[in-house]
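K.L.:
could you work out the structure for the sequence below:
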Amino acid sequence: VLIVAIPAHRSLSTSLTEDIGNKLADQANSRGIEIATTIDREKDILKTLSLSVSLQNAARAANESSQLSQADIDRLDQQWRAADAADNNADPLVSGVLNNEISAQLRDFRSQFEQHVEVFLTNTQGVSIASTNRTSDYNQADEEWWQTAYRDGVYIGQPEYDPSSKTIAMNMAVTVRENGDGRIVGVLRTTVNFTTL
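P.N.:
Predicted structure coming up:
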């Protein structure tokens, strides 16, 4: 009995292991496709928002109205960080970014697409010009996501803890381009709540 049972047990064990492995691989592939489809959908939603003429106009106007020196950007970034540390949305710099027409439009977008927990727009220098929430800093140009989006047109990050929105999230960014000539006028970023994936 033992002579027959031991090879049968080994054969059955190998067969079950292979079957379970194949089923797990199929399920992982299926989940991977679902997640990729969801990420593509969220990226397409953000790209659609970047086609808004009002966003394009606001970014263009911000670029034309003030070209800041690096010293000015650093000074304003310090002012913003101090306001963030003090939880102060009444600071004139922070208030100007949070309380404008484009920020209201971004909040409307966020209310329609609740998985986008934070959305903001920068000009071509990387400074914030409109936002749904107070971000942790004013200057975004030193961030990898901003540089990649500006260079490549799109950025999709890895899931990570986002201190601004206090969620496990995935950052996505796209360039905002002028309708007529395709010139970059800004970068639009969103933080997508990872639990939706």
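
K.L.:
mind showing which ranges of this structure have poor pLDDT?
P.N.:
The model of the chain has pLDDT under 70 over residues 1-6, 8-9, 162, 164-165, 196-197.

K.L.:
residue boundaries of the strands in it?
P.N.:
Remark: strands assigned in the chain by DSSP state E are 116-122, 128-131, 154-156, 160-162, 167-177, 184-193.

K.L.:
run the chain-centre distance for the first one.
P.N.:
Same thing as strand 116-122. How far strand 116-122 lies from its chain's middle: 7 Å, per CA atoms, centre = their mean, to the nearest Å.

K.L.:
on contacts alone, who are the packing partners of that strand?
P.N.:
helix 2-50, helix 53-65, helix 101-112, strand 128-131, strand 167-177, strand 184-193 (3 or more CB pairs under 8 Å, 6 or more residues apart in numbering; DSSP states H and E). Where C-beta positions appear, they are placed from N, C-alpha and C, glycine not excepted.

K.L.:
any chance of those in JSON lines, plus distance to Asn88?
P.N.:
What follows is these, written out as JSON lines (distance: least, CB to CB, whole Å):
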{"stretch": "helix 2-50", "distance to Asn88": "28"}
{"stretch": "helix 53-65", "distance to Asn88": "22"}
{"stretch": "helix 101-112", "distance to Asn88": "17"}
{"stretch": "strand 128-131", "distance to Asn88": "15"}
{"stretch": "strand 167-177", "distance to Asn88": "22"}
{"stretch": "strand 184-193", "distance to Asn88": "21"}
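
K.L.:
which one of the ones you listed lies closest to Val154?
P.N.:
strand 167-177 (5.2 Å; CB to CB).

K.L.:
just checking, what packs against the closest one?
P.N.:
helix 2-50, helix 53-65, strand 116-122, helix 144-152, strand 154-156, strand 160-162, strand 184-193.

K.L.:
need the ones you listed in JSON lines with mean neighbour count, can you?
P.N.:
JSON lines is the format used below for the helices and strands packed on strand 167-177 (neighbours: other CB atoms under 10 Å):
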{"stretch": "helix 2-50", "mean neighbour count": "12"}
{"stretch": "helix 53-65", "mean neighbour count": "16"}
{"stretch": "strand 116-122", "mean neighbour count": "25"}
{"stretch": "helix 144-152", "mean neighbour count": "16"}
{"stretch": "strand 154-156", "mean neighbour count": "18"}
{"stretch": "strand 160-162", "mean neighbour count": "15"}
{"stretch": "strand 184-193", "mean neighbour count": "24"}
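
K.L.:
sorry, back to before: nearest to Thr148, out of the helices and strands packed on strand 116-122?
P.N.:
Taking CB to CB, strand 167-177 is the member of the helices and strands packed on strand 116-122 nearest to Thr148, at 7.6 Å.

K.L.:
tilt between the closest one and helix 2-50?
P.N.:
40 degrees (axes from the mean of the first three to the mean of the last three CA atoms, to 10 degrees).
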